[in-house]
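Trainee: My questions are about this predicted structure, shown below with the sequence.
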Amino acid sequence: MSKTDKFIAMNVAVLTVSDTRTVDNDTSGQYLVEQLEAAGHVVANRALVMDDVYLMRAQVSVWIADPAVHAVITTGGTGFTGRDSTPEALQPLFDKNIDGFGELFRALSFDDIGTSTVQSRAVGGMANQTVVFCLPGSTGACKTAWEGILSEQLDSRHRPCNFVSHTAAGE
């Protein structure tokens, strides 16, 4: 990281996808909010929706249509149960997939959970100059993604590249 580059705070929306969590017991969403704020970003919005394709699409569509929201991070709904549908809900909204995000997440996750990482369907994409990352619902997975990928990729000072420059925040 170059110390001469200016930090650009991003406006980030956090979505928890769960049929059982509430804001009071959403440790993964709370972890992401705390990390974003500690890094100097602004939590533009936070929501919790049931694992329903149309509810997820509706919420994320509002955020990606808002030029003031630069990034969306979701937690939950990326597994293989019948209700896990975050990738199916959100990938159709992407203008471009960030294939390397899921690949790198699974590589990092392997150190923590071994071959069970193959059941993670973490995905990322760009939609209307908004970067979107879909993480598993466990707080451990959110920590892996934040510490191993997102903290650097959402930091305008990270070199050789980061996602800030691809959003309205970096213009």
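Mentor: Cool, the structure landed.
Trainee: Which element, helix or strand, includes residue 48?
Mentor: strand 42-49 (DSSP states H and E).
Trainee: The residue nearest to residue 5 when sequence neighbours are not counted in helix, strand or coil?
Mentor: Closest residue to residue 5 apart from its sequence neighbours, by CB to CB, 6 or more residues apart in numbering: residue 157 at 4.2 Å. In short, each C-beta sits where N, CA and C put it, glycine included. Following DSSP: H, G, I helix; E, B strand; the rest coil, residue 157 is assigned to coil.
Trainee: circling back to that earlier point, for the record, mean pLDDT for the strand holding residue 48?
Mentor: Average pLDDT, strand 42-49: 98.
Trainee: That one pairs with which strands, and in what direction?
Mentor: If you go by DSSP bridges, strand 42-49 pairs up with strand 11-17 (parallel).
Trainee: Just the mean pLDDT for the strand it pairs with, thanks.
Mentor: Strand 11-17 shows a mean pLDDT of 98.
Trainee: what's residue 126 in contact with, if anything?
Mentor: Neighbouring residues of residue 126 by CB atoms under 8 Å, 6 or more residues apart in numbering: 94, 95, 96, 98, 132, 166.
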